[in-house]
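Q: compute the structure for the input listed below.
(one chain, ligands or ions: 1)
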Amino acid sequence: MRLANKLAIVTAAASGMGRAGVELFLREGASVCAVDINTDALAALKAEVDPRDGRLHTVQADLSTAEGARDSIHAAAEKLGGVDVLWAHAGIPGPGGIEGLDVAEYQLAFALNVQSAAFGAGEVISHMRKRGGGSIVFTASVSGMVGSMWSPVYSSCKFAVVGLTKSLAQTFAPDKVRVNVVCPGLAETPMKVGFTGRGVSAEAAKAAEDKYVSGVPLGRLVRPEEVAQAVLWLASDDAGFVTGIELPVDGGFTCK
Ligand SMILES: NC(=O)c1ccc[n+]([C@@H]2O[C@H](COP(=O)([O-])OP(=O)(O)OC[C@H]3O[C@@H](n4cnc5c(N)ncnc54)[C@H](O)[C@@H]3O)[C@@H](O)[C@H]2O)c1
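A: Got it, this is the predicted structure:
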């Protein structure tokens with residue numbers, strides 16, 4: 001088991017890729033604290049995947065606020081008894097176009113995609129120091145590696161997360177804390193329509209998805225489990241000399 005006896009926090013954990021990560025980390029032997037805003041979805045997660053041996057914990061928090069991002073780390077650390085791994089996965093598509101931007105929507109996009117990652121890392125480092133090291137994995141996107149025609153604000157946020165990764169990899173190296181970022185392509189999760197379906201018909205959303213897939217050499221969307229597997233590797237000691245990388249899980253979308 002690749003995370004035996006590890007203590008792991010996963011944010012945005014009640015759905016999609018985060019939930020796949022919770023399930024995989026548990027199977028690989030970790031104790032996991034799932035953090036999410038959605039109380040009902042956290043309860044469903046607990047009911048459906050809890051191995052009932054005390055290894056799955058939950059913390060409800062709004063990670064778009066500084067307090068939520070900070071306090072949830074300490075609440076999770078207390079439940080777990082320490083932290084070895086943080087998968088800071090929270091994010092939202094945010095506004096679509098750039099004309100007539102709504103200030104609140106713009107700020108919420110940066111709050112959840114960037115601020116929650118920065119504040120989470122800033123709080124978790126003290127817990128990882130106590131354990132003698134650790135692994136932080138952020139979630140960016142292919143839109144953090146190449147520009148996005150659909151989502152310029154989202155792309156700005158995700159490039160910021162990649163910058164945070166490369167900076168913190170250097171800052172935290174003396175603490176033996178590795179920092180990496182996973183960059184999924186368009187994924188088969190509820191969030192997908194937030195990218196392809198904003199304000200358009202179901203047919204137009206499907207056409208946008210097909211257009212995206214036509215640019216993916218492996219010819220399909222990424223599955224949540226495939227992203228979780230990449231994060232597992234970055235989180236585990238198998239990637240013990242890997243820090244500061246952006247790892248695309250995109251079927252080749254960004255290699256062209
Ligand atoms: N779905 C995609 O196509 C895709 C592609 C690349 C990157 N991403 C990134 O992956 C991450 C999540 O995507 P997903 O597809 O797994 O999502 P999802 O829609 O399946 O799940 C998102 C989770 O985030 C939670 N959440 C929403 N707002 C929150 C808040 N304020 N505080 C705490 N939790 C909150 C929701 O309750 C939900 O459980 C984001 O960072 C996103 O930018 C998604």
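Q: so Phe159 touches Gly144, yeah?
A: Yes. With contact defined as C-beta atoms under 8 Å, Phe159 reaches Gly144; the gap is 5.2 Å. Every residue, glycine included, has its C-beta placed from N, CA and C.
Q: neighbour count winner among the two?
A: Just comparing Phe159 and Gly144: by other C-beta atoms under 10 Å the higher neighbour count belongs to Gly144, 28 against 18.
Q: distance check, the more buried one against Leu101.
A: Separation of Gly144 from Leu101 (C-beta to C-beta, to the nearest Å) stands at 20 Å.
Q: point out the residues in the protein that sit beside the ligand.
A: Counting by C-beta under 6 Å from any ligand atom, the residues of the chain close to the ligand are 12, 14-18, 36-38, 41, 62-64, 89-91, 112, 139, 141, 184, 186-187, 189-192, 195.
Q: which ones among these map onto strands?
A: Asp36, Thr139, Pro184 (DSSP state E).
Q: as TSV, those residues with distance to Ser116 would be great.
A: Formatted as TSV, these follow (distance: C-beta to C-beta, whole Å):
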residue	distance to Ser116
Asp36	12
Thr139	11
Pro184	17
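Q: can you put those residues in a markdown table and add neighbour count and pLDDT?
A: Putting these into a markdown table (neighbours: other C-beta atoms under 10 Å; pLDDT from 0 to 100) gives the following:
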| residue | neighbour count | pLDDT |
| --- | --- | --- |
| Asp36 | 27 | 98 |
| Thr139 | 25 | 98 |
| Pro184 | 28 | 98 |
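Q: in PyMOL, how would I select the buried members of the residues of the chain next to the ligand?
A: Buried subset of the residues of the chain next to the ligand, written as a PyMOL selection, criterion 16 or more other C-beta atoms under 10 Å:
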select buried, resi 12+14+15+16+17+18+36+37+41+63+64+89+90+91+112+139+141+184+186+187+189+191+192+195
